[in-house]
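S.K.: my questions concern the predicted model and sequence given below.
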Amino acid sequence: MSNRSIGLDDRLYHYLLGHSLREPEVLADLRAETANLPEANMQIAPEQGQFMALLARLMGARRYLEIGTFTGYSALAIALALPEDGEVVTLDRSAQWIATARRYWERAGVSGRIRLEQGEAQDSLRALERNGETGRFDLSFIDADKTSYPDYFEHCLRLVRPGGLILIDNTLWHGRVADAQDSRDNTRAIRDFNAALHHDERIDLALTPIGDGLTLARRR
């Protein structure tokens, strides 16, 4: 028995993947292509994608909002988990990454249920609210510029329905959040964001040691 989360060395991590991961070939291929990019560290872990897809199924989610698409792995993982009439709305500004994402969404046969809004996320989020999308999403995922996390979170609190779930990536930030000597902008932003969520009475909260830290915030 243990009263704390277990640490993962390489051997145990590979065991975890070998005894849990059920990654479709299209997702594995997308992950392999993304690994060749200089920004490959922005890719979520495959076990995180599988966990998020399971959450979507458990919730019976039909509408999913994503802030930060990158090459489309998380959007694809969720799109595959949604029912045929489900919808993914994902936001990004990089034409290069979006082009990669679209190729794999087409290959997976889910491009018809994914709506990508290209441009600045703040502008797209404000447009969603203006267009009557408030409270219409079941699930959202924030994985974009860290200093804007508080603003993204406030938008998601309005766009996600009561009882819906907001997922936030990188909330352990490679362990740097616990290093009091690290005062870099992104580290301080995530540290302050985590502290604010801890006392936010509008949500139910769990910060989980999945990937680089995945926070689950259920809108009350």
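M.R.: Everything's here; your move. Residues are numbered from 1 along each chain as shown.

S.K.: quick check: the gap between Arg158 and Thr134.
M.R.: Per CB to CB, to the nearest Å, Arg158 is found 5 Å from Thr134. Using the backbone N, CA and C atoms, a C-beta is placed for each residue, glycine as well.

S.K.: report the central residue of this protein.
M.R.: With distances taken as CA atoms, centre = their mean, Phe141 lies nearest the centre of the chain, 3.7 Å away.

S.K.: report the buried residues of stretch 119-131.
M.R.: By 16 or more other CB atoms under 10 Å, the buried positions in stretch 119-131 come out as 121, 124-125, 128.

S.K.: ok, stretch 164-182 next?
M.R.: By 16+ other CB under 10 Å, the buried positions in stretch 164-182 come out as 164-173, 177.

S.K.: same question for stretch 51-67.
M.R.: 51-53, 55-56, 59, 61-67.

S.K.: again, but for stretch 92-108
M.R.: The neighbour-count check on stretch 92-108 (16+ other CB under 10 Å) flags 92-93, 97-98, 100-102, 104-105, 108 as buried.

S.K.: check stretch 148-162 too.
M.R.: 148-149, 152-153, 155-157, 159-160.

S.K.: low-confidence regions, this structure specifically.
M.R.: Filtered on pLDDT under 70, the chain yields the residue ranges 1.

S.K.: go with 80
M.R.: 1-2 (pLDDT under 80).

S.K.: and the longest strand for it?
M.R.: Ranked by number of residues, the top strand in the chain under DSSP state E is strand 160-169.

S.K.: quick one: the helices in this protein, in order.
M.R.: Ranges of helices in the chain, per DSSP state H, are 10-20, 25-34, 46-59, 73-81, 95-108, 121-130, 149-159, 185-198.
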